[in-house]
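>>> Here's a sequence, model it:
(chains A and B)
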Amino acid sequence: MAGLLYKDFVSVSGKKIVTILTFLTILFIALRMAFPGTADHAIFLVESEEGEIINVLDTFFVAGAYLFLVSVCLLLNGWVGKIVEGDDKNKVRGYLRALPLEKNAYIASKYVFIGICAYVFMSIAFSWGVAANALCREGILSEVLSMLNALVPSVIYVVLLSAAIELPLFLTMGKGRAMLIKTAIWLVIAFLAIGFLFFGDLVWIEQHLNISVFLKWYQNHLFAVSLLNILFPVITLLLYYLSYRISCHFADREL
Amino acid sequence: MNRKLEIKRLFIYLALSFGLTWIIFFVFILTGHKWDGSNPRLESFSALGMLMPFLAHVLTRWITKEGFAMTGKDSMMLGISLKNKKWVYYVFAMLIPWVYFEIWHALALLVSPEMFDPQYYKVIGIEKNLVWLMPLNGIVTGSVISFAALGEEGGWRGYMMPKLIKLVGTPKAVLIGGVLWGLWHAPLTCVGHNFGTDYPGFPYLGIVVMCIDCILMGIMLTYITVKSGSIWPAAIMHAVNNANPSILALFTNTEKGTGILANPIFGYFLYFIPTGVIAGICFVLLCKERKTEL
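Now for the predicted structure:
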């Protein structure tokens, strides 16, 4: 299993990614410590429309933490295809099945690899949120960062669920056909979105999809968010395991 | 074993671990902050400090050219193996904090029944429907979001304890390790973390109580680390412990305590009863283990 995991690590240029992530994380924490929002430098303080004093420095770090979360989610989602693509290209799968490995070791390695990456990315995203929030001026931006820390697990679980759907497709159909299906689904969603932009009520979006409305919604639905936070990991792991069993089932039929 | 080299490595680790963390804690103190109740900002601050022991571990290995083996002897103990019934230690890590937290609060309510407040969960902002889910919340959240606890355990159990056990043997190692770990918390204890500032003998009594807590916790955490050969169960247990997974805690208003429990810091002596018993059992079992197993 360790060998299979290392193969996937190499296929996603793991060393390069680890170096970049480590550098970015240290840089982010160092910059945050050098420019804490809690220090009241008058030149960085502005008054919001609501009359709240905000430290402009905080806005950069809040944006950075959110941007990082989105980036790692996209990266992780991209890796699902990448770890299968390499095997398709080099005809590794047939070769591995001929080796004296446990029956489902190959499929399990893909799930474990994505699972480990999800945990690592979640932890790094947390450390960004934690570093930004620890030295943030009290107020709305601190709340936005607290919200980020509450949302990080949920967002990562969504990526894991997406992987749970994609992995059986990629493993049974190969990258080419699976990507075709994936692209078709995204195109339908994109067309629906464009259709909404042409014919939908854009004023509604402006009124209902902005950060303060979202923050209010989060504060009013704390019970639902808490319940989701408690049960979501359990449900996600169950579905992830179910997806693994489905992949094994299809692999058995192929043989 | 090259004793001199191991001592040198241990001192480098301790200097880095204390140095890096205390820089962060002193930034907090020198900018005029106090630990005035728990909020996401303060929790973020302590979480940032909690990452430093692991960073110190990595830096020490890099400086002393010790290598970065993930599993096996003298490794970082980052591997996970569930074979040979090692999964038991993961279950232990998830459930045991719940057990001793419930016993602690039950004891506190027995000693001072005035603390029982059927509406207290509302005061601390927990929805009624969520009360019975709180232990599960602590266990799940602690298990999944264990990165901050991993930061500490990666340093204390992943590096310091194996070195101490090698150098001075298990009984002395858990004592010295616990005191060091307790002292590491001292700057935050001095601004009110865990016990507040309103207690007799502040902050020295707080530091002593923290050291006792760290010795007892340290024994349990070292035991599951040795038995599982991994720091993950310790990280999970530490995280679940920090999540305070207890139903009775939601009905225990410590501000209403009378007698010896009028000051919350003395409530910790009741906490030491269940943790002391469990730590005692772990200590006996741990001493039976050969020190070379780490």
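>>> Report the contact partners of the most centrally placed residue in chain A.
The residue lying closest to the centre of chain A (Cα atoms, centre = their mean) is A:C73, at 2.5 Å. Counting by Cβ atoms under 8 Å, 6 or more residues apart in numbering or on different chains, A:C73 makes contact with A:F121, A:V155, A:I156, A:V158, A:V159. All C-beta spots, glycine's among them, are computed from the backbone N, C-alpha and C.
>>> Kindly recompute the last result at 7 Å.
Neighbouring residues of A:C73 by Cβ atoms under 7 Å, 6 or more residues apart in numbering or on different chains: A:V155, A:V159.
>>> what does the one 3 residues further on give?
Contacts here follow Cβ under 7 Å, 6+ apart; on that basis A:L76 touches A:C117, A:A118, A:F121, A:V159.
>>> Secondary structure class of the third one, three-state.
Reducing the assignment to helix, strand or coil with DSSP: H, G, I helix; E, B strand; the rest coil, the entry for A:F121 is helix.
>>> The closest residue to it other than its chain neighbours: which element?
Using Cβ to Cβ, 6 or more residues apart in numbering or on different chains and skipping the chain neighbours, the partner closest in space to A:F121 is A:V72 (4.2 Å). Assigned by DSSP states H and E, A:V72 belongs to helix A:56-89.
>>> If we go by neighbour counts, what in that helix is buried?
Buried residues in helix A:56-89, counted by 16 or more other Cβ atoms under 10 Å in any protein chain shown: A:57-58, A:61-62, A:64-66, A:68-69, A:72-73, A:75-77, A:79-81, A:83-87.
>>> Just the pLDDT for the residue at the greatest distance from the centre of chain A.
The centre of chain A is farthest from one residue, A:A42, which by Cα atoms, centre = their mean lies 36.4 Å away. The model reports A:A42 with a pLDDT of 72.
>>> which ones are touching it?
By Cβ under 7 Å, 6+ apart, A:A42 has no neighbours at all.
>>> gap between it and A:V56?
11 Å (Cβ to Cβ, to the nearest Å).
>>> likewise B:L55?
Counting by Cβ to Cβ, the gap from B:L55 to A:V56 is 29 Å.
>>> Likewise for B:W156?
Per Cβ to Cβ, B:W156 is found 39 Å from A:V56.
>>> immediately after the host helix or strand of A:V144, which helix or strand?
With secondary structure defined by DSSP H and E, A:V144 is part of helix A:140-199. As assigned by DSSP H and E, the chain's next helix or strand after helix A:140-199 is helix A:202-208.
>>> Now the element after that next one, going C-ward?
Next along from helix A:202-208, by DSSP H and E: helix A:211-220.
>>> what comes up buried for that following helix?
A:Y218.
>>> and if you look at stretch B:63-72?
So, applying 16+ other Cβ under 10 Å, buried residues of stretch B:63-72: B:E66.
>>> what residues does it touch?
Contact partners of stretch B:63-72, identified using Cβ under 7 Å, 6+ apart, comprise B:R9, B:I12, B:R61, B:S75, B:M76, B:L78, B:G79.
>>> try 6 Å
Contacts with stretch B:63-72, where a contact means Cβ atoms under 6 Å, 6 or more residues apart in numbering or on different chains, come from B:R9, B:R61, B:S75, B:M76, B:L78, B:G79.
>>> Show me which residues of the stretch 1-150 of chain A sit near chain B.
Selection of the stretch 1-150 of chain A residues close to chain B by Cβ under 6 Å from any Cβ of the partner chain yields A:T38, A:S123, A:F126, A:V130, A:A131, A:N133, A:A134, A:S142, A:S146.
>>> Looks like the fifth one contacts A:A34 (just checking).
No: applying Cβ atoms under 6 Å, one finds A:A131 not in contact with A:A34, separated by 11.7 Å.
>>> More neighbours: the two, which one.
A:A131 (27 against 10; other Cβ atoms under 10 Å in any protein chain shown).
>>> Can you mark which positions in whichever helix or strand the more buried one is part of are buried?
Remark: A:A131 resides in helix A:105-134, with elements defined by DSSP H and E. For helix A:105-134, burial by neighbour count (16+ other Cβ under 10 Å) applies to A:106-114, A:117-119, A:121-134.
>>> can you give me the offset of it from its chain's centre?
9 Å (Cα atoms, centre = their mean, to the nearest Å).
>>> If I take that helix and helix A:140-199, what angle do their directions form?
Taking axes from the mean of the first three to the mean of the last three Cα atoms, to 10 degrees, one finds that helix A:105-134 is oriented at 120 degrees with respect to helix A:140-199.
>>> number of nearby residues for B:P53?
B:P53 has 29 nearby residues by other Cβ under 10 Å.
>>> My read is that it contacts B:E152, right?
Yes: B:P53 lies in contact with B:E152 (Cβ under 6 Å); the separation is 5.2 Å.
>>> Now render the contacts of stretch B:63-72 as TSV, adding secondary structure and pLDDT.
Shown next, in TSV, are the contacts of stretch B:63-72 (DSSP: H, G, I helix; E, B strand; the rest coil; pLDDT from 0 to 100):
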residue	secondary structure	pLDDT
B:R9	helix	96
B:R61	helix	96
B:S75	coil	93
B:M76	coil	94
B:L78	coil	91
B:G79	coil	88
